[in-house]
Every structure is written in C-alpha cells, then in structure tokens.
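S.K.: below are the sequence and a predicted model for it; my questions follow.
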There are 2 protein chains.
Amino acid sequence: MDHPTPFARTPAPPYYAVVFSSKRRDGDDGYERVAQRMVELASSQPGFLGVESARDSAGFGITVSYWATLESIAAWKSQLEHLAAQDHGRKRWYAHYEVRVARVERAYDFDAQPG
Amino acid sequence: MDHPTPFARTPAPPYYAVVFSSKRRDGDDGYERVAQRMVELASSQPGFLGVESARDSAGFGITVSYWATLESIAAWKSQLEHLAAQDHGRKRWYAHYEVRVARVERAYDFDAQPG
C-alpha cells in the first residue's frame, strides 16, 4: 500500500462519493487478491480522489471511493477489468450489496492532540 | 437491535448521507455502550432513514447514517446527548475522524439468488 493511513485525502468539496455496502459470502474464493487489485486499478483512473474501507468480522463491509465527477464514476464502473470483477462479485463473493452515489457537500475532520 | 440486517433500508433518492470515517484509540473506555446508545437515539430523530457501520480489527471504521434533509442532520448534530458523546469522542475514543455530508443521487442493490 502506498498509504500509511486508512483515510482518504480528499480536496475541498464538492466532489462525489460511491458508498458500497456489502455482505460477503463465506470463504475467500479469490476475493482478497482481486479486491486489492481493484483498489490499485481505481487509483489509476482519471478523477479518482481516494478510498476508505472497513469490513467487520461478520463479513459486513463499507467501502467509500471518492471521485471528482460523475463522469469519472461512470468510466470506472464500465472499465473492463472492473466489469469482470463486478461479475465475479455477483456470482461468487457477495450475498448482498448496496451502491449509493452521492455528492459530497461539506466535510470536516478531527485529529487528537498528543498528550 | 430491531434490524436483523446490517443494511439500511433507504427510500428512493434523493436523500442525504453522513459518512463518518474514524480510527479508534486503544481500549473501550465506555465506547461500545455509548455507540449503541447513539444508534438508538439517532433512530428516534426526525428524518432518520437508517445507518450502516463496519469497523475492522485495526480499529478503523466507517459509519454511514442516512437522513431525509440537511435540517435533520443539523438537528442531530446539535442534539444534547449527542453533543456530549461527540465531546467524549474527541477526548477519549478517536485518534482521528472525517465527516462528510453528501446528497445521495442514485442507488441500486444486488441480492444473490439461492443456488
């Protein structure tokens, strides 16, 4: 990983977020390798701003990817290797998922002070 | 919990999402009890549509709450018991967090067929 932090370093809004909530089926079945590859591939796409991801021990996860424009999201959705991964996802990896495309209007953060 | 599923059952867009990405500090320090209470309290607020949450074993988590309007988000942010929890969060529970408020424009889902 290039990033020592799990947080995406996004610019000032507005930009777009794709919220992908998913429940995995049991077993890896090639998932981890492809998931890692999709993060790398997404990171090289025009308009990609960052990604954050967490999955719990019960197999429920949320991945949020951030994009400059709706056009960049559409291009990523139809990227050929990503299309193949989406197909595998539906056939092998996910019991259920939800995708929500949203326009980020406002953002702020907090960082704990040492001590 | 009222919901046997980790997925939020949201209406057709548009609606709003608050994406809360956070890194916990070590130790519980009262966190789990208050986090559960905040989900219950949020669920009773006007305009609340649902919540999804995942945290990994390294303490990085994403919670996305869904709301009907920006006004309902502002009201929740300034709810008194929630304000106290936010203060505890900054002082005791979180090393870092990011909050993004976004307008959900489009949504779709997938459910695996049995067999």
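M.R.: Everything's here; your move.

S.K.: of all of chain A, which residue lies closest to chain B?
M.R.: Going by CB to the nearest CB, chain B is nearest to A:Ala102 of chain A, at 3.6 Å. From N, CA and C alone the C-beta is placed, and that goes for glycine too.

S.K.: strands paired with the lengthiest strand in chain A, and their directions?
M.R.: Using DSSP state E, we find that the single longest strand of chain A is strand A:94-111. Looking at strand A:94-111 with DSSP bridges, its partner strands are strand A:15-24 (antiparallel), strand B:94-111 (antiparallel).

S.K.: need the winner for burial among those.
M.R.: strand A:15-24 (a mean of 22; mean count of other CB atoms under 10 Å in any protein chain shown).

S.K.: dump that strand to PDB, restricted to CA.
M.R.: The C-alpha trace of strand A:15-24 is given here as PDB (Å, rounded to 0.1, in the frame of the first residue of the first chain):
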ATOM      1  CA  TYR A  15     -16.800  16.000  -5.100                       C
ATOM      2  CA  TYR A  16     -18.500  12.600  -5.300                       C
ATOM      3  CA  ALA A  17     -18.600   9.500  -3.200                       C
ATOM      4  CA  VAL A  18     -19.600   6.000  -4.100                       C
ATOM      5  CA  VAL A  19     -20.700   4.200  -0.900                       C
ATOM      6  CA  PHE A  20     -20.500   0.400  -1.400                       C
ATOM      7  CA  SER A  21     -22.000  -1.600   1.500                       C
ATOM      8  CA  SER A  22     -21.700  -5.300   1.200                       C
ATOM      9  CA  LYS A  23     -22.100  -8.700   2.900                       C
ATOM     10  CA  ARG A  24     -19.500 -11.300   1.900                       C
END
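
S.K.: quick one: contacts of the helix or strand just after it?
M.R.: Downstream of strand A:15-24, the first helix or strand assigned by DSSP states H and E is helix A:31-43. Contact partners of helix A:31-43, identified using CB atoms under 8 Å, 6 or more residues apart in numbering or on different chains, comprise A:2, A:24, A:48, A:51, A:53, A:65, A:76, A:79, A:81-82, A:85, A:88, A:92-93.

S.K.: ok and helix A:31-43 relative to strand A:94-111, angle-wise?
M.R.: 50 degrees (axes from the mean of the first three to the mean of the last three CA atoms, to 10 degrees).

S.K.: narrow the contacts of helix A:31-43 to those that are buried.
M.R.: Neighbour-count burial (16 or more other CB atoms under 10 Å in any protein chain shown) is assigned, among the contacts of helix A:31-43, to A:24, A:48, A:51, A:53, A:65, A:76, A:79, A:82, A:85, A:93.

S.K.: any idea how far stretch A:108-115 is from the chain center?
M.R.: 25 Å (CA atoms, centre = their mean, to the nearest Å).

S.K.: give me the beta-bridge partners of the closest residue to A:Ile62 other than its chain neighbours?
M.R.: Counting by CB to CB, 6 or more residues apart in numbering or on different chains, B:Ile62 is the residue found nearest to A:Ile62 once chain neighbours are left out, at 4.3 Å. Beta-bridge pairing of B:Ile62 under DSSP bridges involves B:Ser21, B:Ala54.
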